[in-house]
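Colleague: with the input below, show me the fold.
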Amino acid sequence: MAGAPSPDVYTTPLARLTANAQRAPSVIAMAEVDGARSMREITRAALVRRVQHVMRGLTAKGFAAGDRVLFSVRPGIDAVVLVLAVHELGGVLIPQDPGTSDALFAARMQLLSPRWVFAESLLLVSARHPLSRLLRWRGVPMAPLGAVRGARVVRVGPWLPGLPVCTPLARLERDAVRHEASDTPHVKRDAEGEAFIVCTSGTTSAPKAVVHTRASLSAILHAVERELVIDASHVVYSKDLHLVLPALAVGARVLMPRRLSFRGDRTLAAFRTHRVTHAFLVTRDCRLLLDTCVEQSITVPACVQSLMIGAAPVRAGFLARLRDVLPPNCVAWCVYGATEVLPIARVSLDDKVAWQDEGDLVGRPIAGVEVRLDEHGELFVRGDRLCAGYAGASPMTEYATGDLARFDGESIVLLGRLKDMLIRGDHNIYPELYEPLVERIEGVRRAAIIGDFDPVQADERMILVVEANAGVNEALLRARVMREVSAGPNRLDASAQPDEVVVRVLPETGRSNKIDKAALRAQLGVRPCA
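Modeller: The predicted structure follows:
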């Protein structure tokens with residue numbers, strides 16, 4: 001593993017980018033791409049200059065350290081400029097999913113009280129505007145970003161009718177250029193001060209928001225840089241800022257896909273044309289990439305040296321198929337983490353595919369975290385990447401993952417989720433022990449096991465839901481699954497034999513596109529345990 005800088009270098013990510021710009025100002029720092037096409041690019045010097053302009057412009061408008069910023073700007077150069085400026089000024093970023101329901105959005109705003117809103121023009125238009133009404137009519141929730149009380153608004157993108165009173169990003173920078181001679185503001189930053197708040201699960205009555213300090217965010221960026229093992233010769237493809245900022249810091253060239261929806265053909269074209277060496281993809285995107293390769297009988301370009309897979313759980317059966325389309329020299333990693341502690345552990349694709357024991361191998365803990373198991377086998381994590389806690393709650397000293405696990409001092413193996421446990425007779429059944437076995441069956445894309453309480457038997461029925469690979473006959477797949485879960489190498493334990501096998505597309509939730517078991521239960525009309 002290459003040597004890594006100490007975490008304190010991350011207190012000002014802009015400082016390292018500035019040093020890179022001084023050494024080679026005309027080198028391209030990052031580009032927005034759409035497949036093979038490079039839509040917009042920026043040099044190191046120009047990127048630093050834009051960040052400094054935004055800092056001066058925000059300061060002139062009253063931005064102060066500790067100000068919370070509701071942030072909904074799609075991945076790209078503008079987003080990076082704003083994020084670097086806010087971080088350098090000691091501000092607090094709150095990423096916001098525009099698809100949040102109005103009620104949950106209102107509850108989150110009451111909890112967090114942002115002083116600023118940075119958002120795309122379309123996301124700021126009035127809820128009464130025809131554009132918003134059209135999107136809502138088509139089933140797309142549109143959180144009222146422009147209606148946050150008392151917040152100052154900076155918009156990215158063109159003027160649209162129905163916009164609230166706001167400052168265009170272009171004007172913010174243009175006004176700052178007039179005062180070019182003035183010093184770029186310098187702020188004394190508190191390492192324990194807030195830096196990043198991520199809204200996670202929760203209800204309208206009790207929204208939950210994870211608060212990271214500047215210290216824990218610095219540790220996250222430091223760990224990512226160390227695990228990526230990148231340098232200025234590499235080209236990094238990602239839309240995730242926790243990958244983009246470390247890549248910029250070491251001088252690598254960053255490519256950010258401009259389209260919000262993932263397409264395998266465009267991603268492969270970007271890899272090929274721009275000679276991508278390192279990529280980070282969420283599990284769902286890897287599945288779509290694999291589908292494209294299989295449908296078109298192609299493989300991932302040989303230039304890709306490293307693929308990091310994160311977000312949702314990833315199973316060995318899928319990874320074995322993915323390995324077939326990756327170049328021989330490509331090293332792929334699966335990352336295990338949580339919003340509260342990121343990353344926790346990682347494992348190579350090859351080690352995960354070779355794993356034959358029960359459970360889900362997620363690998364060795366990454367330096368900087370400590371793990372322990374309680375008397376029930378639940379995994380707890382602490383360390384320098386641990387968040388400060390949840391907004392409005394007591395400080396957190398360790399994070400209860402909700403995962404049952406084994407830990408032999410070297411590697412973590414997940415055995416299931418506490419909340420997903422099913423009770424059948426006198427057996428406790430953890431679906432995540434058995435779902436990986438089902439996904440090894442030919443033709444199965446993904447699998448999920450849910451319980452359906454039978455009031456007559458006073459017991460839970462087990463329903464196994466599988467999603468078919470493209471082109472697979474669903475009736476034949478159902479028969480194959482029923483046969484193989486009861487006999488053969490992928491046989492499930494007698495206590496875990498399903499009462500019913502269903503073939504259907506599995507619903508997803510959140511940005512990480514995890515299987516939404518709550519939605520699946522609702523679709524199938526299953527009954528909760530009495």
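Colleague: now residue 436: closest residue in space, sequence neighbours ignored.
Modeller: Spatial nearest neighbour of residue 436, excluding adjacent residues (Cβ to Cβ, 6 or more residues apart in numbering): residue 315 at 4.5 Å. Where you see a C-beta, it was placed from the backbone N, CA and C, and this is true even at glycine.
Colleague: nope, residue 78 is what I was after
Modeller: If you skip the residues right next to it in sequence, residue 78 has residue 156 as its closest partner in space, 5.0 Å away by Cβ to Cβ, 6+ apart.
Colleague: show me what that neighbour is bridged to.
Modeller: Beta-bridge partners recorded for residue 156 (DSSP bridges): residue 120.
Colleague: the helix or strand hosting residue 436: how far from the chain's middle?
Modeller: Here residue 436 sits within helix 431-438, counting by DSSP states H and E. Here the centre of helix 431-438 is set off from its chain's centre by 23 Å, with Cα atoms, centre = their mean, to the nearest Å.
Colleague: show residues contacting that helix.
Modeller: 313, 315-317, 358-360, 414-417, 420, 422, 444, 447-450, 464, 466, 481, 485, 490-493, 496 (Cβ atoms under 8 Å, 6 or more residues apart in numbering).
Colleague: mind listing residues that contact stretch 60-72?
Modeller: Looking at stretch 60-72 with Cβ under 8 Å, 6+ apart, the contacting residues turn out to be 82-83, 86, 89-98, 109, 112-120, 123, 145, 148, 151-152, 167, 172, 175-176, 179, 187-190, 193-194, 197.
Colleague: now it: mean pLDDT?
Modeller: Along stretch 60-72, the predicted confidence averages to a pLDDT of 95.
Colleague: among the contacts of helix 431-438, which lie within strands?
Modeller: Applying DSSP state E to these, the entries found in strands are 360, 414-417, 422, 444, 447-450, 464, 466.
Colleague: CSV for those, including distance to residue 325?
Modeller: Shown next, in CSV, are those (distance: Cβ to Cβ, whole Å):
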residue, distance to residue 325
360, 22
414, 26
415, 30
416, 30
417, 30
422, 35
444, 18
447, 21
448, 25
449, 28
450, 31
464, 27
466, 22
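Colleague: quick one: buried ones out of the residues you listed?
Modeller: Buried residues within the ones in strands among the contacts of helix 431-438, defined by neighbour count using 16 or more other Cβ atoms under 10 Å: 360, 414-417, 422, 444, 447-450, 464, 466.
Colleague: buried stuff in stretch 410-428?
Modeller: Using 16+ other Cβ under 10 Å, the residues of stretch 410-428 that count as buried are 411-417, 420, 422, 424.
Colleague: save these as a markdown table, and put in distance to residue 45 too.
Modeller: Formatted as a markdown table, the buried residues of stretch 410-428 follow (distance: Cβ to Cβ, whole Å):
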| residue | distance to residue 45 |
| --- | --- |
| 411 | 44 |
| 412 | 44 |
| 413 | 48 |
| 414 | 46 |
| 415 | 52 |
| 416 | 52 |
| 417 | 48 |
| 420 | 51 |
| 422 | 58 |
| 424 | 64 |
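Colleague: and which of these is nearest residue 257?
Modeller: Proximity of the buried residues of stretch 410-428 to residue 257 (Cβ to Cβ) peaks at residue 414, which lies at 30.1 Å.
Colleague: who are the contact partners of the residue lying closest to residue 239 once chain neighbours are set aside?
Modeller: Nearest-residue entry for residue 239: residue 75, 3.8 Å, with adjacent residues in sequence omitted and distances by Cβ to Cβ, 6+ apart. For residue 75, the contacting residues are 239-241, 256-258, taking Cβ under 8 Å, 6+ apart as the criterion.
Colleague: tell me the pLDDT at residue 75?
Modeller: Looking at residue 75, its pLDDT is 93.
Colleague: helix/strand/coil for the closest residue to residue 327 other than its chain neighbours?
Modeller: In space, not counting the residues next to it along the chain, residue 327 is nearest to residue 302; the distance is 4.4 Å by Cβ to Cβ, 6+ apart. Assigned by DSSP: H, G, I helix; E, B strand; the rest coil, the conformation of residue 302 is coil.
Colleague: please report how far residue 302 lies from residue 328.
Modeller: Between residue 302 and residue 328 the computed distance is 8 Å (Cβ to Cβ, to the nearest Å).
Colleague: those two: who's more crowded?
Modeller: residue 302 (13 against 7; other Cβ atoms under 10 Å).
Colleague: how near is that one to residue 427?
Modeller: 48 Å.
Colleague: how about stretch 243-263: buried residues?
Modeller: Buried residues in stretch 243-263, counting neighbours by 16+ other Cβ under 10 Å, are found at 243-258, 262-263.
Colleague: distance between the ends of it?
Modeller: With Cα to Cα, to the nearest Å applied, stretch 243-263 spans 20 Å between its terminal residues.
Colleague: now it, how far from the centre of its chain.
Modeller: The chain centroid and the centroid of stretch 243-263 are separated by 13 Å under Cα atoms, centre = their mean.
Colleague: now it: mean pLDDT?
Modeller: If you average the per-residue pLDDT over stretch 243-263, you get 93.
Colleague: let me see the mean pLDDT of stretch 365-375.
Modeller: Per-residue pLDDT over stretch 365-375 has a mean of 96.
Colleague: and for stretch 441-453?
Modeller: 91.
Colleague: can you count the residues close to the nearest residue to residue 425 once chain neighbours are set aside?
Modeller: In space, residue 425 comes closest to residue 459 once its chain neighbours are excluded; the distance is 6.4 Å by Cβ to Cβ, 6+ apart. Neighbouring residues of residue 459 were enumerated by other Cβ under 10 Å; the total is 18.
Colleague: please apply the same query to residue 299.
Modeller: As a burial measure, the neighbour count of residue 299 was computed by other Cβ under 10 Å and equals 15.
Colleague: then residue 165?
Modeller: One way to gauge burial is a neighbour count; for residue 165, by other Cβ under 10 Å, it gives 7.
Colleague: which one's the longest helix in this structure?
Modeller: Selection of the longest helix in the chain by residue count, based on DSSP state H, yields helix 44-60.
Colleague: can I get it in CSV, CA atoms only?
Modeller: Written as CSV, here are the backbone C-alpha positions of helix 44-60 (Å, rounded to 0.1, in the frame of the first residue of the first chain):
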residue,chain,number,x,y,z
ARG,A,44,-6.2,23.1,-12.1
ALA,A,45,-5.5,26.8,-12.1
ALA,A,46,-9.0,27.7,-13.3
LEU,A,47,-10.6,25.4,-10.8
VAL,A,48,-8.7,27.1,-7.9
ARG,A,49,-9.5,30.5,-9.3
ARG,A,50,-13.2,29.7,-9.5
VAL,A,51,-13.3,28.4,-5.9
GLN,A,52,-11.5,31.6,-4.7
HIS,A,53,-14.0,33.8,-6.5
VAL,A,54,-17.0,31.9,-5.0
MET,A,55,-15.4,32.2,-1.5
ARG,A,56,-15.1,36.0,-1.9
GLY,A,57,-18.6,36.3,-3.3
LEU,A,58,-20.1,34.3,-0.5
THR,A,59,-18.2,36.2,2.2
ALA,A,60,-19.4,39.5,0.7
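Colleague: all set now, cheers.
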